[in-house]
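Visitor: Next comes the sequence, and after it the predicted model I'd like to discuss.
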Amino acid sequence: MASTNDLKNGMVLKLDGDQLWSVVEFQHVKPGKGPAFVRTKLKNVLSGKIVDKTFNAGTKVETATVDRRGMQFSYKDGDYFVFMDMDTYDQIHVSPEVAGDAANYLLEGFEATVAMYQGNPLSVELPAAVELVIAETEPGVQGDRSTGGSKPATLETGYQVAVPLFITTGEKIKVDTRSGEYLGRVNS
């Protein structure tokens, strides 16, 4: 149990029975008149649904102990992603729903943080940016060096991102895993 005064981003709460909600953001509000309260934005860990919820300040809320482990992506087994625990070498199967957008950037050997609750994977968290090779894109035309303008490019994972016109097939680029944006070239 914790108090609403102790809330932090990323904390997982057990609300409405056994539903798990992750704190996306919170704000302590002390109005001039009336009691203080805490305004939160919560994300359902399983469905991804985001709701706004207000608690009275100091209210007790039940927290869930979520185990975050560093794991390595091994391979894809049908629709499932197989991760190996770096310490115990145990393998777990993660469904595409749990992997979410992280699936777009997974290559064999990539390390990720897998959040587990009672032995079940809840989410896959990647670093903010990853480096991937462009598998295919239209060739750039001489003179396409100006800023602005972009073209689609397929990454080695099969995911498509927008890149500047001067990027060519085979180049390694940095991609933001939260937005899918091109961040720049990687000089080898």
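Guide: Cool, the structure landed.

Visitor: Now the spatially most central residue of the chain. Nearest residue, chain neighbours left out?
Guide: Geometric centre of the chain, nearest residue: residue 125, 4.4 Å, by CA atoms, centre = their mean. Spatially, and ignoring its direct neighbours in sequence, residue 125 is nearest to residue 113 (4.4 Å; CB to CB, 6 or more residues apart in numbering). Heads up, the C-betas are built off the backbone N, CA and C, glycines and all.

Visitor: number of nearby residues for the one you found?
Guide: 14 (other CB atoms under 10 Å).

Visitor: mind checking how far it is from residue 4?
Guide: As defined by CB to CB, to the nearest Å, residue 113 lies at a distance of 26 Å from residue 4.

Visitor: still on that earlier bit, neighbouring strands of the strand or helix carrying the residue nearest to residue 125 in the sheet, and parallel or not?
Guide: Element membership for residue 113, per DSSP states H and E: strand 111-117. Strand 111-117 sits in its sheet next to strand 67-77 (antiparallel), strand 120-125 (antiparallel), going by DSSP bridges.

Visitor: Packed most tightly, which of those would that be?
Guide: Most buried of the strands paired with strand 111-117, by mean neighbour count (mean count of other CB atoms under 10 Å): strand 120-125, with a mean of 18.

Visitor: Using the three-state scheme, assign the residue of the chain positioned farthest from its centre.
Guide: Most distant from the centre of the chain: residue 33, at 39.3 Å, with distances by CA atoms, centre = their mean. Here residue 33 is coil, with the state taken from DSSP: H, G, I helix; E, B strand; the rest coil.

Visitor: now do residue 167
Guide: coil.

Visitor: same deal with residue 5?
Guide: Residue 5 - assigned by three-state DSSP - is helix.

Visitor: That one: what's it in contact with?
Guide: Counting by CB atoms under 8 Å, 6 or more residues apart in numbering, residue 5 makes contact with 28, 38, 57, 58.

Visitor: quick one on the thing from earlier: so the residue nearest to residue 125 versus residue 186, what's the distance?
Guide: Distance from residue 113 to residue 186, by CB to CB: 22 Å.

Visitor: ok, now residue 41?
Guide: 34 Å.
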